[in-house]
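Student: Let me see the structure of the following:
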Amino acid sequence: MKKYLLPRIWHLLKTGKFREEISAHYKHKKKKEEAVKILPEISLEELTGNIQPLLLEMEARDGNVTPDELKALASLSARFKPQNIFEIGTFDGRTSLNLIANAAPDAKLFTLDLPKTAITETALRIKTGDRKFIDKPQSGSRFLNTPYAARIQQIYADSAVFDYTPYHNTMDMIFVDGAHSYEYVINDTEKVLPLLKNGKGIILWHDYGWYEVILALNEYYKQDPRFKKLVNIKGSTIACLILE
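Tutor: Reported below is the predicted structural model:
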């Protein structure tokens, strides 16, 4: 990780945020022992019934959701048939592909990914474990050259500074699987809430198992009335909020 460390330190010194980021890192590291999953668990069947989704590219690689999690995401897309989907964190496009394949026939999916050229210049702190998934040969490689590619729009930007306003009040489903630092989970959650059409739809988060993701989502569940129905899909690291 040395190739990222020095450029990142230089960027922080230039922007005057070096002390702020170091402080945030140790603050959340000290709270690691508090990262206990508290969301109520619910089975996938309770959410989707006996839906059998279309499953594509089932092979799980490092950085992908598990096969069971992929089934859960695809099943929820098949159950709710979203017209518009917004995803933060494209990676290799495996979840993008399965979400759009099970959505409404003319659905569109917008997927935002941090370009690897910006890996050392993010507006907020990112965790070391995220860097190898950002620095990849090609974003969305697993949906490219498929029949679904034309309905997927790739966006390259830092989710902390991206202008979401053109997408406000247009989305039916949102999947948050970007950087896993506490700051980015909070940022991404706040940014996607206004995207829901008439404030209704489904929001999903991956990696409710990484301790800073747990800290952030637990905080929403305990403190924000909008998140009182936030649940963890049993046997997975997927958190789910259905707003009706």
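Student: show me the residues around the closest residue to K222 other than its chain neighbours that make contact.
Tutor: Leaving aside its sequence neighbours, K222 sits nearest to I38 (CB to CB, 6 or more residues apart in numbering; 7.7 Å). C-beta: built from backbone N, CA, C; applies to glycine. Each residue near I38 by CB atoms under 8 Å, 6 or more residues apart in numbering is listed here: N218, Y221, K222.
Student: In terms of helices and strands, where is L204?
Tutor: Assessed by DSSP states H and E, L204 sits inside strand 201-205.
Student: What is that strand packed up against?
Tutor: In terms of contacts (3 or more CB pairs under 8 Å, 6 or more residues apart in numbering; DSSP states H and E), strand 201-205 is packed against helix 67-80, strand 173-176, helix 182-192, strand 239-243.
Student: out of these, nearest to T90?
Tutor: Of all these, strand 173-176 sits nearest to T90, with 10.3 Å by CB to CB.
Student: What lies in contact with that closest one?
Tutor: Around strand 173-176, the neighbours that count as contacts under CB under 8 Å, 6+ apart are 73, 76-77, 80, 82, 84-89, 95, 99, 103, 185, 188-189, 192, 195-196, 201-206.
Student: Would you give the sheet partners of it, along with the direction of each?
Tutor: strand 84-88 (parallel), strand 201-205 (parallel) (DSSP bridges).
Student: From the chain's centroid, how far away is that strand?
Tutor: A distance of 7 Å separates the centroid of the chain from that of strand 173-176, by CA atoms, centre = their mean, to the nearest Å.
Student: for the record, mean pLDDT for it?
Tutor: Predicted confidence along strand 173-176 averages 98 (mean pLDDT).
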